[in-house]
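>>> structure of the sequence below:
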Amino acid sequence: GGKNWPAGAYSPLTNTMYFPLKQTCARVLSTMEGGLAIYRLAARFQLAPGTDNLGTVRAISVETGRTTWVHEQRAATQALVTTGGGLVFGGDGNGRFRAFDQDTGMVLWEINLGSPVTGFPITYAVAGRQYVVASTGSRTEGLTPELHPSAGNNLFVFALPD
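Purely as a prediction, here's the structure:
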């Protein structure tokens, strides 16, 4: 998978980095016409050979550099955040926001927020209660044309159980 702007997250509990990756390749052409004028490049993106899934979350041990678990999905994976309670939170381009177990990658909780999770999730506590925040907004992914989430901009705040 390729790593671009969506934030990864580190957990001192597992000594692991969690990366949201896109399984894509690009054919790039240097050009003076069209494309990204600032770079003088034109690119055609495609799914990486051997996969039908655009998004993946990859857990990589900081100690060994080995992948400890992988979660693949059709939609692009967005930024992640870890918690002291052993969870990894993150969303995708199809509006799904999930809590993963840091050790196993098992999806422990999931909700459909209706539009692509585009921001960076955060977590905070007030009076001993922990919250996780996800934001959504319009962002489309041309490599998964069958996915049709809304384009609504929203901010969601979830309280974690005691």
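>>> how far off centre is stretch 134-152?
13 Å (C-alpha atoms, centre = their mean, to the nearest Å).
>>> report the buried residues of it.
134-136, 141, 143-144, 147, 149 (16 or more other C-beta atoms under 10 Å). Placement of C-beta: from N, CA and C, glycine included.
>>> which residues does T56 bridge with?
Under DSSP bridges, the beta-bridge partners of T56 are L21, E72.
>>> relative to L155, how far out is it?
From T56 over to L155 the distance is 26 Å, taken as C-beta to C-beta, to the nearest Å.
>>> for stretch 117-132, measure first residue to last.
Start-to-end span of stretch 117-132 (C-alpha to C-alpha, to the nearest Å) is 13 Å.
>>> how about residues contacting it?
With contact meaning C-beta atoms under 8 Å, 6 or more residues apart in numbering, stretch 117-132 is reached by 6-7, 78-81, 83, 85, 89-93, 95-97, 99, 133-139, 157-160, 162.
>>> can you flag which of those belong to strands?
78-81, 89-92, 96-97, 99, 133-136, 157-159 (DSSP state E).
>>> list only buried entries from these.
By 16+ other C-beta under 10 Å, the ones in strands among the contacts of stretch 117-132 give 78-81, 89-92, 96-97, 99, 133-136, 158 as buried.
>>> check contacts around the residue most central in space within the chain.
Nearest to the mean C-alpha position of the chain, counting by C-alpha atoms, centre = their mean, stands Q78 at 2.2 Å. Neighbouring residues of Q78 by C-beta under 8 Å, 6+ apart: 6, 20, 90-93, 116-119.
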